[in-house]
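**Q** okay, predicted coordinates and the sequence, questions at the end:
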Amino acid sequence: MQKFINNPSRVVEEMLEAYVIAHADLVSNTENERVIKYKNAPIKGKVGIVTGGGSGHKPAFIGYVGRNMVDAVACGELFSSPPAQMFYDAVKAADGGKGIAILYGNYAGDNMNVAMAMEELEDEGIEVKKVVANDDVPSAPKGEEARRRGVAGEILMWKVGGAKAAMGASLDEVIAAAQKAINNTRSMGVGLAPCTLPEVGHPNFTIPEGKMEIGIGHHGEPGIEVVNLEPAAKVAQRMCDVIIPDLPFEAGDEAVVLISGLGSTPVMELYILFNDVQRILKEKGIKIHVSYIGNYFTSLEMAGATLTLMKLDEELKACIDYECDSVGMRQFQRV
Amino acid sequence: MQTFTNNAGSAIVDQLILTIQENKQYLSDIDGLIGDGDHGINMNKGFTMCREELDKNPGDLAHGLKTLSKILMMKIGGSMGPLYGKFFKAIALSLEGKEEIGINEMGEALKAAVDAIASISPAKVGDKTLIDTLIPALAAYEKAQTEGKSFTEALEAMKIAAIEGRDSTKDMVAKLGRASRLGERSRGVLDAGATSCCLILETIADEAGQLIK
């Protein structure tokens, strides 16, 4: 195991300790050591944006805590949902009195823990609503979208929800915008090599040399098939062939493109993939409004990439263009 | 009529905590084969926190299980925290305020616990989860109940069915949870959740069996 670690069971704690020191200009601790908040949160009169999930996806989820983005985040163990208490404490840390939107991904543990936190919060009269991201197309067939997992599309959901809240929208408006964002978003991953949880010490699945796993999940969940490794142009084509017809994205649409590495894939290769993605979109008459290329949502040192497309309308576009400041995403007001 | 008191039932909680503590490594080892190897660690963490809390604030069976459920739900994440949290909370709520616990009270409590899990988990029999232990165990208990068997006999029937249920997961392919990524590779190994669930039901059956007068 080639890793910079001290104690395998304390990797999340050590990372969080360091994170709040390194980014003290943006974030701060809370009473719960696993809950990190935007330093100015809670912001009075603004809908609070909360997310959370297992750790190991840097910069997600913590990296999207900041100004006009996520107000507080619950950081679970590696690849393991935070307990209800953490979601509860994150909501408290983000509560500016105008309601809180919990925007997270569709995983069994997260669903259960968020549901229990919400029960407690509602008992206390705190207004809290949720949107569950389900952008990972290969994780369930069309018609069963509710079973799909949330992957990198979550970032666009946070961007939209965060901007909408910052514009002064009500909780219902924030929830509606975040829901629309994820409804308009489709993603797909391709894996080239597995990752190792430090406490386990060995990769808990394998992808043979010269093969790639189509539709792999963010924790190594099995994809659709394992096939021979192909040139980037063919991989891009495969991803577009799954994502584009699923929404569908059509000629005349405007879209956001997000290509994220899964951890150990060089960013150069993400651009090589992008080159083919943009060509395919162009051929189909789909206009790219903005592209994000880099390590936006990783899975420890897994090799591979996810492609995410979001179809824009005027509201979503205004939210994407809105100013924000976080470690994972910085945006000057786009004019 | 065979019963035991809610007060005496606190011994069941004490034994549940001991059982999980003693089996911490065993559960993690099973989980490590197809999961991430932290099942025993997390369960032990939750049950041990419950021990500390009950030492400060002891009570009857319902109180003990309520304390346990609160800790599992609020402090232990992943999927097991909420699942077992809901499980023990339902038993606690069902038994709360009852002085004597007999075959019917326990039956209602177990049914409520299974319903509570079903309310938050889509798992079905055959998915290689704790449901594979739970559903046949409850069915065996209820069958004994309908056949007019004694409380002791119903608990024994539940225990045997729980063990069979646990063992049935060995030849299953995981459909939910972390192990599901392994597909066929998950075959041949017991499910960690089904195993801990079996330990819990066995402990309840054994301890209640000893308390029954």
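**A** Good, I have the coordinates. Numbers count the residues shown, from 1 in each chain, chains lettered A, B, ... in the order given.

**Q** contact residues of chain B facing chain A?
**A** If contact is defined as C-beta under 8 Å from any C-beta of the partner chain, the residues of chain B in contact with chain A are B:32, B:36-38, B:73-79, B:81-83, B:85, B:120-122, B:176-178, B:180-183. Just so you know, the C-beta spots here come from the backbone N, C-alpha and C atoms, and that holds for glycine as well.

**Q** emit the ChimeraX select command for whichever of those residues are buried.
**A** Buried members of these, identified by 16 or more other C-beta atoms under 10 Å in any protein chain shown, are gathered into one ChimeraX selection as follows:
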select /B:32,36,37,38,73,74,75,76,77,78,79,81,82,83,85,120,121,176,177,178,180,181,182
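
**Q** so in chain B, where's the weakest helix or strand by average pLDDT?
**A** Ranking every helix and strand in chain B by mean pLDDT, DSSP states H and E puts helix B:24-34 at the bottom, with a mean of 85.

**Q** where does residue A:331 fall, phi/psi-wise?
**A** Main-chain torsions, residue A:331, degrees, to the nearest 10: phi -140, psi 120.

**Q** surely it meets residue A:322?
**A** Yes: with contacts defined as C-beta atoms under 8 Å, residue A:331 counts as touching residue A:322 at a distance of 7.1 Å.

**Q** buried ones in the next helix or strand after the least confident helix or strand of chain B, by neighbour count?
**A** Counting by DSSP states H and E, the next helix or strand C-terminal to helix B:24-34 is helix B:39-56. Within helix B:39-56, the residues that qualify as buried are B:39-47, B:49-51, B:54, counting by 16+ other C-beta under 10 Å.

**Q** now the helix or strand just after helix B:39-56 against helix B:39-56, angle please.
**A** Scanning forward in sequence from helix B:39-56 by DSSP H and E, the next helix or strand is helix B:61-75. In terms of direction (axes from the mean of the first three to the mean of the last three C-alpha atoms, to 10 degrees), helix B:61-75 departs from helix B:39-56 by 130 degrees.

**Q** what packs against whichever helix or strand comes after helix B:61-75?
**A** Going down the chain from helix B:61-75, the next helix or strand is helix B:80-95, by DSSP H and E. When contacts are defined as 3 or more C-beta pairs under 8 Å, 6 or more residues apart in numbering or on different chains; DSSP states H and E, helix B:80-95 packs onto helix A:84-94, helix A:108-123, helix B:39-56, helix B:61-75, helix B:103-120, helix B:192-211.

**Q** picking that back up, format the buried residues of helix B:39-56 as CSV; extra columns: pLDDT.
**A** Output for these, formatted as CSV (pLDDT from 0 to 100):
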residue, pLDDT
B:39, 85
B:40, 86
B:41, 83
B:42, 85
B:43, 93
B:44, 92
B:45, 89
B:46, 93
B:47, 96
B:49, 95
B:50, 97
B:51, 97
B:54, 97
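
**Q** distance to residue A:63 for those - can I get that in TSV?
**A** Putting those into TSV (distance: C-beta to C-beta, whole Å) gives the following:
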residue	distance to residue A:63
B:39	29
B:40	32
B:41	27
B:42	26
B:43	31
B:44	32
B:45	28
B:46	30
B:47	34
B:49	31
B:50	35
B:51	38
B:54	40
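
**Q** looking at these, which is nearest residue A:182?
**A** Sorting the buried residues of helix B:39-56 by how near they are to residue A:182, with C-beta to C-beta, puts residue B:42 at the top with 29.9 Å.

**Q** need phi/psi at the closest residue to that closest one other than its chain neighbours.
**A** Distances taken as C-beta to C-beta, 6 or more residues apart in numbering or on different chains place residue B:76 nearest to residue B:42, at 5.4 Å, with adjacent residues excluded. The phi and psi values for residue B:76, taken as degrees, to the nearest 10, are phi -110, psi 120.

**Q** pull the contacting residues for residue B:76.
**A** Neighbouring residues of residue B:76 by C-beta atoms under 8 Å, 6 or more residues apart in numbering or on different chains: A:83, B:42-43, B:45-46, B:85.

**Q** name the nearest of those relative to residue B:10.
**A** In terms of C-beta to C-beta, no member of the contacts of residue B:76 lies closer to residue B:10 than residue B:46, at 17.9 Å.

**Q** do you know which of the helices and strands packed on helix B:80-95 lies nearest residue A:308?
**A** Nearest to residue A:308 among the helices and strands packed on helix B:80-95 is helix A:108-123 (19.0 Å), distances taken as C-beta to C-beta.

**Q** other residues contacting stretch A:97-104?
**A** For stretch A:97-104, the external contacting residues (C-beta under 8 Å, 6+ apart) are A:42, A:44-53, A:70, A:87, A:91, A:94, A:110, A:114, A:117-118, A:121, A:126-133, A:150, A:154, A:157-158, A:161, A:165, A:170-171, A:174-175, A:178.

**Q** same question for stretch B:143-153.
**A** Judged by C-beta under 8 Å, 6+ apart, the contacts made with stretch B:143-153 from elsewhere in the structure are B:2-3, B:102-104, B:106-107, B:154, B:157-158, B:208-209, B:212.

**Q** which parts of chain A sit against chain B?
**A** Those residues of chain A that sit near chain B, judged by C-beta under 8 Å from any C-beta, are A:76-86, A:88, A:108-109, A:111-113, A:115-116, A:197, A:199-200, A:204-205, A:217, A:219-222.

**Q** at 7 Å instead, please
**A** Among all residues of chain A, those adjacent to chain B (criterion: C-beta under 7 Å from any C-beta of the partner chain) are A:76-77, A:79-85, A:108-109, A:112-113, A:115-116, A:197, A:199-200, A:204-205, A:220-222.

**Q** buried ones among the residues you listed?
**A** Buried positions within the residues of chain A next to chain B, assessed by neighbour count (16+ other C-beta under 10 Å), are A:76-77, A:79-85, A:108-109, A:112-113, A:115-116, A:197, A:199-200, A:204-205, A:220-222.

**Q** residue furthest from the geometric center of chain B?
**A** Of all residues in chain B, the one whose C-alpha sits farthest from the chain's mean C-alpha position, using C-alpha atoms, centre = their mean, is residue B:184 at 26.8 Å.
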